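A.B. asks: Here is my input, please return the structure:
(chains A and B)
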Amino acid sequence: KAGVTQTPRYLIKTRGQQVTLSCSPISGHRSVSWYQQTPGQGLQFLFEYFSETQRNKGNFPGRFSGRQFSNSRSEMNVSTLELGDSALYLCATGTDYGYTFGSGTRLTVV
Amino acid sequence: DAKTTQPPSMDCAEGRAANLPCNHSTISGNEYVYWYRQIHSQGPQYIIHGLKNNETNEMASLIITEDRKSSTLILPHATLRDTAVYYCIVRVRQFSGNTPLVFGKGTRLSVIA
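C.D. replies: Numbering: from 1, shown residues only, chains lettered A, B, ... in the order given. As a prediction, this is how the structure comes out:
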């Protein structure tokens, strides 16, 4: 089966800019979750979308936002980038048996 | 915060069984134990989960103590490709929606030739 596809794989942005990351879940899966991974904080939950509605949200500032489209593809946006936003951003599609993660987008803010 | 405690690192000889412990003393009756692993720079990979019975699949076995306060993930014949960070997570399993995964620091398993 096709996996979770994240684009782009790598990204370099400048402080103050904004960025949009994309995630296409496994075909037929309606939920998409986003996680941030940094060396200091580890893996942290950002938010989850199900059928175009945000269902859960982690403890991140409002600069982090997301949306989901009718085809279940999801995007997350980070505005006014800070150096501390440099991280691996992972998206996952889940069932009650477990999540399948994408390979992530590595964002570097300079 | 993560509800699990794991040793930060472990070594295992190639071909031997790797036994990764996890403490979850405050686990609730409706919480499952999940194991994921993350190979360097990749997304986490689901391994196995269980409620109270021991479970086995093609990747690993999960042994949960009778009081459910701890569990052990067993990789029966570890290979170099099993070198990864292993995360033990407790989570309510919901059929109507998913609760977020709360990751701790995990155990870094190094399989040595």
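
A.B. asks: now the strands for chain B?
C.D. replies: For chain B, the strands defined by DSSP state E cover B:9-13, B:18-23, B:31-38, B:45-50, B:55-56, B:61-64, B:70-75, B:84-92, B:107-112.

A.B. asks: Determine which of these approaches chain A most closely.
C.D. replies: Among the strands of chain B, the nearest to chain A by Cβ to the nearest Cβ is strand B:45-50 (3.7 Å). For the C-beta atoms, the positions are set from N, CA and C on the backbone; glycine is no exception.

A.B. asks: Next, count neighbours for the residue in chain A that chain B sits nearest to.
C.D. replies: Residue of chain A nearest chain B, by Cβ to the nearest Cβ: residue A:101 (3.0 Å). Each residue near residue A:101 was counted by other Cβ atoms under 10 Å in any protein chain shown, and the total is 25.

A.B. asks: Mean pLDDT, distance to chain A and mean neighbour count added to the strands of chain B, as JSON lines?
C.D. replies: Formatted as JSON lines, the strands of chain B follow (pLDDT from 0 to 100; distance: least, Cβ to the nearest Cβ, whole Å; neighbours: other Cβ atoms under 10 Å in any protein chain shown):
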{"stretch": "strand B:9-13", "mean pLDDT": "97", "distance to chain A": "15", "mean neighbour count": "14"}
{"stretch": "strand B:18-23", "mean pLDDT": "98", "distance to chain A": "16", "mean neighbour count": "20"}
{"stretch": "strand B:31-38", "mean pLDDT": "94", "distance to chain A": "6", "mean neighbour count": "22"}
{"stretch": "strand B:45-50", "mean pLDDT": "95", "distance to chain A": "4", "mean neighbour count": "19"}
{"stretch": "strand B:55-56", "mean pLDDT": "96", "distance to chain A": "12", "mean neighbour count": "15"}
{"stretch": "strand B:61-64", "mean pLDDT": "98", "distance to chain A": "12", "mean neighbour count": "19"}
{"stretch": "strand B:70-75", "mean pLDDT": "98", "distance to chain A": "14", "mean neighbour count": "20"}
{"stretch": "strand B:84-92", "mean pLDDT": "93", "distance to chain A": "8", "mean neighbour count": "22"}
{"stretch": "strand B:107-112", "mean pLDDT": "98", "distance to chain A": "12", "mean neighbour count": "17"}
